[in-house]
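Novice: Predicted model and sequence follow; I will ask about them next.
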Amino acid sequence: MHIAEDKEQPRRRSIKGKQLIGEKGIPKLLYNTLKHNNVEFDCLDWDRTRMIHILAKVMGIHSPPGPEFDPFYVLTIDNLKKMLAIHMRFRCNIPVVIMGETGCGKTRLISFMCKIQANNLKIQNMVILKIHGETTKQDIISGYRNALKLAEKNVTHHVDTILFFDEANTSHTIGLIKEILCDRRIDGETIPTDVRLQFIAACNPYRQHSEAMINKLTSAGLGMLRNRSQAREQFGDIPLRDLVYRVIPLPRSLLPLVWDFGELSSETEYRYIVEIIHVHINTKIHERFRKYCDAIAKALSSVQNYMRERRDECSFVSLRDVVRTVRVMLWFYDLIAKLHLNTTGMCRITYSLILSIAVCYRAKLRDRTKFDSYLTSSLVVPLSTFTESFVIKTRIDQCQTRIVNLMRIEAHIARNSALTENLFMMFVCIQLKIPLFIVGKPGSSKSLARSIINHSFNEGLCVGGNRITEYDHLYMQCYQCSQYTTSAEIVQVFSKSQTIQQESAADSVACVVLDEVGLAEDSPNLPLKVLHSLLEDSEVSEFAR
C-alpha cells in the first residue's frame with residue numbers, strides 16, 4: 001500500500017474500495033503509527049498459510065501447522081478475526097459468551113482454535129457440553145471435572161483447555177454456568193487459575209416469530225396446546241413456542257458480556273461457499289467438477305438468498321445446508337450412472353446439482369414453480385444448458401420415479417406424488433444419514449412410506465443385478481412422542497440404535513423414527529433440544545414424522 005508523504009494531500013484514502021482514513025475511518029496519525037509498527041492492512045489478500053501463521057503467532061505457537069491442516073474447515077478473514085478476539089478475551093480474563101444463529105459456525109470455530117493449539121501434540125483440549133432442557137447441575141459439574149483433568153495434563157504443554165457450553169440458554173442450569181464464567185467458582189468451589197482452563201458459552205438469540213408464522217405453525221399441528229394462553233413455559237409473557245429458539249432469559253450479570261457473533265453478509269457467505277466447494281471437490285476423483293466450481297457456488301449462493309427471503313420456516317438456512325448439498329451432489333453424481341438416468345440435453349454435474357438442491361431446499365417449499373424459475377435463471381455457464389423451468393421438475397420426477405419403481409410396492413397401492421416424494425426423501429436421507437422431518441396431515445402416506453422403505457431396503461434395491469444402496473439391512477427403532485416426552489427417553493432410543501449399529505455388520509444401518517414428534521413441542525422439559533447434539537453427532541440415520 002502506498003501512502004503519499006505530502007501532508008497537503010486529501011485526508012481520505014481507500015483500500016479495496018473501502019474508506020480507510022478520514023472521518024469514516026481511522027485518523028491518519030494512528031494509521032501511520034500502526035504502519036510503523038508493521039501492522040498489515042491488506043489482510044483481504046492473505047491466503048490460508050498466512051492466516052494460520054498469524055493465529056499461531058498470537059497464540060504463542062512456535063511451529064504452526066501447514067495449509068493442509070484441517071482442510072475441511074473454511075478459514076476466512078472473518079473467522080480469523082473472531083478467533084483472535086476470543087483469544088484476547090482469554091488473556092484479559094474476560095468471560096466469552098457468544099450469541100449467534102444456529103449454523104453460523106460457533107462450535108466449529110472454537111474446535112479449530114483448539115486444534116491449532118494442540119497441533120502435533122495429539123491431545124484433547126476441548127470438552128463440548130451440549131446443554132438442553134433436562135441438563136442438570138450434576139451434568140455441569142461432571143463436565144467441569146472432566147475438563148479440569150484434561151487441563152491439568154495439558155498445562156504442561158502450555159496449551160489452553162476449553163470447556164464449551166453449547167446452547168447454554170436452553171436450561172435452567174444457566175445460573176451455575178454464570179457462576180463458572182463470571183465468578184470462576186462452581187458450586188462454591190474455586191476454579192484453579194494455574195491450569196489454563198477456559199470457558200465459553202454459546203447462546204441462541206432471543207427472537208420471536210411473526211404473528212403470521214405463529215398461526216401457520218399452529219395450524220400445521222406442531223404441538224397439542226393450540227391456545228397460547230395455556231402454554232406452561234413462557235419467556236416473560238411470551239410462550240416459548242412463539243420464539244424462533246426455545247430459550248430462557250440470561251442472568252443480568254451475563255448480559256454485558258454477550259458478544260454478537262452476527263450473521264454472515266451475502267458477500268462473506270459467498271466466499272465461504274466457494275471455499276466449501278473447493279475443499280470437498282479437492283480430489284482427483286472429482287477432477288471433472290473443477291471447471292464448474294464457480295458456477296455451483298453462484299447457484300448455491302442464489303438459493304440461500306432465495307430461501308432467506310421467504311416469510312416462513314423455510315427462511316432458516318445456514319452453511320450447514322451448503323455442506324449438505326455438496327455432499328448430496330457428489331453422491332447423486334454416482335447414483336445417476338447406477339440408475340442409467342437419461343441425461344440428454346443436461347450434463348451429469350448439472351443434473352446431480354439439481355437433485356441435491358431438490359433434496360436440501362426445494363422439498364421444504366410449497367410453491368415450487370417460482371423456485372424452479374428462479375433456479376433456472378441462477379444456473380450460469382457451464383451449468384446452464386436449458387432455459388425452461390419445467391425441465392427441473394421433469395428431471396426430478398424422472399429420478400424419483402426410477403427409484404420408487406425399484407421398491408417393493410403392492411399392486412393395490414397408488415404411487416401418488418405424496419408417497420413418491422416421501423419414499424424418495426427417505427431413501428436419500430437414510431443412505432447419507434441426513435436427519436429428515438416429514439410434516440403432513442393424516443393420510444399423507446408417512447407411515448406407509450416408512451413400511452415400504454423398511455421392506456425394500458431389507459429385500460435389496462438393484463439395477464441390472466447390482467445393488468444401488470450402501471446398506472443391505474435397515475433396522476428401525478420407533479418411539480411415540482407425546483407432550484410428556486423427556487430428553488432421557490429420546491436419548492435412550494438413540495442409544496439403543498447406536499448399540500444395534502455397533503453390533504451389526506458394516507453393510508447395515510440403524511434408523512430412529514420419532515412418531516408425532518410435534519406433540520413433544522409442548523413438553524415443559526424442552527426434550528427436543530437434545531436432538532441438536534444427537535442429530536449432529538449420531539452415527540445412525542434419523543427421521544421424524
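Specialist: It's in.

Novice: give the contact list for Ala85.
Specialist: With contact set as Cβ atoms under 8 Å, 6 or more residues apart in numbering, Ala85 has these partners: Trp259. For every residue, glycine as well, the C-beta is placed using N, CA and C.

Novice: same deal with the one 5 residues further on?
Specialist: If a contact means Cβ under 8 Å, 6+ apart, then Phe90 has 96, 160, 198 as its contacts.

Novice: Tell me if it really is in a helix.
Specialist: Yes - checked against DSSP: H, G, I helix; E, B strand; the rest coil, Phe90 lies within a helix.

Novice: top of the contacts of Phe90 by neighbour count?
Specialist: Taking other Cβ atoms under 10 Å as the neighbour criterion, Gln198 ranks highest of those with 23 neighbours.

Novice: Listing request: residues of this protein with sub-threshold pLDDT.
Specialist: 1-25, 41-42, 44, 208-210, 213-214, 216-245, 282-286, 464-465, 525, 537-545 (pLDDT under 70).

Novice: thinking again about what came up before, from the contacts of Phe90, which single one is nearest Ser482?
Specialist: Proximity of the contacts of Phe90 to Ser482 (Cβ to Cβ) peaks at Val96, which lies at 38.2 Å.

Novice: Bridge partners for the residue nearest to the closest one when sequence neighbours are not counted, pull those for me.
Specialist: Nearest residue to Val96, sequence neighbours excluded (Cβ to Cβ, 6 or more residues apart in numbering): Ile200, at 4.5 Å. Assessed by DSSP bridges, Ile200 has beta-bridge partners Val96, Phe164.

Novice: and the gap between Ile200 and Ile116?
Specialist: 15 Å (Cβ to Cβ, to the nearest Å).

Novice: These two - which one has more neighbours?
Specialist: With neighbours defined as other Cβ under 10 Å, Ile200 and Ile116 compare such that Ile200 has more, 24 against 20.

Novice: does that one really touch Ile162, like I thought?
Specialist: Yes - using Cβ atoms under 8 Å, Ile200 makes contact with Ile162 at a distance of 5.9 Å.

Novice: Mutual contacts of the two, please.
Specialist: Between them, Ile200 and Ile162 share the contacting residues Ile110, judged by Cβ under 8 Å, 6+ apart.

Novice: which of the residues in the strand or helix carrying Leu448 are buried?
Specialist: Using DSSP states H and E, Leu448 maps to helix 446-459. By 16 or more other Cβ atoms under 10 Å, the buried positions in helix 446-459 come out as 446, 448-450, 452-454, 456-457.

Novice: For it, name the packing helices and strands.
Specialist: helix 417-432, strand 473-480 (3 or more Cβ pairs under 8 Å, 6 or more residues apart in numbering; DSSP states H and E).

Novice: and the angle for that helix with strand 473-480?
Specialist: On the basis of axes from the mean of the first three to the mean of the last three Cα atoms, to 10 degrees, helix 446-459 is oriented at 160 degrees to strand 473-480.

Novice: Residues touching helix 446-459, excluding its own?
Specialist: 406-409, 413, 419, 422-423, 426-427, 430, 438, 440, 469, 471-474, 476, 513, 545.

Novice: Please repeat the previous calculation with a cut-off of 10 Å.
Specialist: The set of residues external to helix 446-459 that reach it, using Cβ atoms under 10 Å, 6 or more residues apart in numbering, is 403-404, 406-410, 413, 418-427, 430-431, 438-440, 445, 469, 471-476, 478, 508-509, 511, 513, 515, 543, 545.

Novice: Just the C-alpha atoms of that helix, please, in PDB.
Specialist: Output of helix 446-459 as PDB, limited to C-alpha atoms (Å, rounded to 0.1, in the frame of the first residue of the first chain):
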ATOM      1  CA  LYS A 446     -46.000 -41.000   6.000                       C
ATOM      2  CA  SER A 447     -46.400 -44.400   7.800                       C
ATOM      3  CA  LEU A 448     -46.900 -46.200   4.500                       C
ATOM      4  CA  ALA A 449     -43.700 -44.800   3.100                       C
ATOM      5  CA  ARG A 450     -41.800 -45.900   6.300                       C
ATOM      6  CA  SER A 451     -43.100 -49.500   5.900                       C
ATOM      7  CA  ILE A 452     -42.200 -49.700   2.200                       C
ATOM      8  CA  ILE A 453     -38.700 -48.300   2.800                       C
ATOM      9  CA  ASN A 454     -38.100 -50.800   5.600                       C
ATOM     10  CA  HIS A 455     -39.200 -53.700   3.400                       C
ATOM     11  CA  SER A 456     -37.400 -52.500   0.300                       C
ATOM     12  CA  PHE A 457     -34.000 -51.900   2.000                       C
ATOM     13  CA  ASN A 458     -34.000 -55.400   3.500                       C
ATOM     14  CA  GLU A 459     -35.100 -57.100   0.300                       C
END
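
Novice: and the next element down the chain from that helix?
Specialist: strand 462-463.

Novice: where's that following strand relative to the chain centroid, distance-wise?
Specialist: 33 Å (Cα atoms, centre = their mean, to the nearest Å).

Novice: Could you spell out the sheet neighbours of that strand, each with its direction?
Specialist: Partners of strand 462-463 in its sheet, by DSSP bridges: strand 466-467 (antiparallel).

Novice: what does the strand it pairs with contact?
Specialist: With Cβ under 10 Å, 6+ apart, strand 466-467 has contacts from 338, 460-461, 507.

Novice: got CSV for these, with distance to Arg311 and neighbour count too?
Specialist: CSV is the format used below for the contacts of strand 466-467 (distance: Cβ to Cβ, whole Å; neighbours: other Cβ atoms under 10 Å):
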residue, distance to Arg311, neighbour count
Lys338, 39, 13
Gly460, 44, 13
Leu461, 39, 15
Asp507, 44, 11
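
Novice: Among the residues you listed, which one sits closest to Gln124?
Specialist: Asp507 (31.5 Å).

Novice: wait, isn't that closest one in contact with Asp472?
Specialist: Yes - the criterion here is Cβ atoms under 10 Å, and Asp507 meets it with Asp472 at 4.3 Å.

Novice: Tell me the buried residues in the host helix or strand of Phe371?
Specialist: Assessed by DSSP H and E, Phe371 sits inside helix 368-378. The neighbour-count check on helix 368-378 (16+ other Cβ under 10 Å) flags 368, 371-372, 375-376, 378 as buried.
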